[in-house]
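Novice: just a sequence and a predicted model for now, questions to come.
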Amino acid sequence: MDRLMTGDLTLLIVDLKKSSRVTVGVPHHTPGGRPFMPTPRRRPGDENAGFLGRFLAEEMQASFVCACNYFFDPNKSLENDYSRAIIRSDPRVLVEIHGHGYRNTENDVEISCGSKKEEVFAVQLMDQLWTGLKADSIPAGLKELKIEARFDRIYFRATRAATIKKPAWRAYHIEIPQFLRVAEDGFGAPEEGKVFAKILGDTLKKILAFEFGGK
Ligand SMILES: [Zn+2]
């Protein structure tokens, strides 16, 4: 069984790559068809966000830390196994993958680096993603994605996410819409989600190579 199709199991997936200074984190993964985490107040889960995170980690040869069906919200504190695994991976860059429905924003993809001050990095990623999505080979549905990173225009600002606010690394908090995460049959992510993760990975690699000299 794929570890991300966890059913009722709660587990932490940690795949640390010593050679990489990039970590992909997914704190709220639930399998497709399970819209809530088993928290006391039934916090909405980020259905199948783990699949997008894993595609991205493979694309970037990055460390991968994914909390599946957690009983609490792990990225709001640094004192739990999810956050400790991220600290242990010693990243220069953390890319945290999340998923949302359409209740709170009309944007498809939202990018935040956690503050107005760090907005410049989020906007840089947005601009370069737009460029990447213009290529002829990109499926039509992806060309029309509404991506937003300007701090005043996003809903998911990640200002309370301890993993995003930690100054030891640069952090990107990326919200990905349901239609890129959950295939129609409910199992795994759709093809367009894989293509999006590839473009996101290519774009981040270019930015990070330029700024950090590769790894
Ligand atoms: Zn989330």
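Specialist: On my side now, so go ahead. A quick note: this is a predicted structure, and the numbers were derived from the prediction, not measured.

Novice: stretch 20-37 vs the ion: in contact?
Specialist: Yes. Using C-beta under 5 Å from the ion, stretch 20-37 reaches the ion at His28. Bear in mind the C-beta positions are built from the backbone N, C-alpha and C, glycine included.

Novice: stretch 104-118 now?
Specialist: No. Residues of stretch 104-118 are not located near the ion by C-beta under 5 Å from the ion, the shortest gap being 11.1 Å.

Novice: gap between the longest helix belonging to the chain and the chain center?
Specialist: Longest helix in the chain by number of residues (criterion: DSSP state H): helix 191-212. In terms of C-alpha atoms, centre = their mean, to the nearest Å, the centre of helix 191-212 is found 12 Å from the chain centre.

Novice: elements contacting the strand or helix carrying Gly50?
Specialist: In this structure, Gly50 is located in helix 49-60 according to DSSP states H and E. Here helix 49-60 touches strand 22-30, strand 63-68, strand 93-100, helix 178-181, helix 191-212, going by 3 or more C-beta pairs under 8 Å, 6 or more residues apart in numbering; DSSP states H and E.

Novice: what separates it from the chain centre, distance-wise?
Specialist: 8 Å.

Novice: could you export that helix as CSV, CA atoms only?
Specialist: Output in CSV follows, covering the C-alpha atoms of helix 49-60 (Å, rounded to 0.1, in the frame of the first residue of the first chain):
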residue,chain,number,x,y,z
ALA,A,49,-1.3,17.3,-0.5
GLY,A,50,1.3,14.7,0.4
PHE,A,51,1.3,13.4,-3.2
LEU,A,52,2.1,16.8,-4.6
GLY,A,53,4.8,17.2,-1.9
ARG,A,54,6.3,13.9,-2.8
PHE,A,55,6.4,14.7,-6.5
LEU,A,56,8.1,18.0,-5.7
ALA,A,57,10.6,16.3,-3.4
GLU,A,58,11.4,13.8,-6.1
GLU,A,59,11.8,16.5,-8.7
MET,A,60,14.1,18.5,-6.4
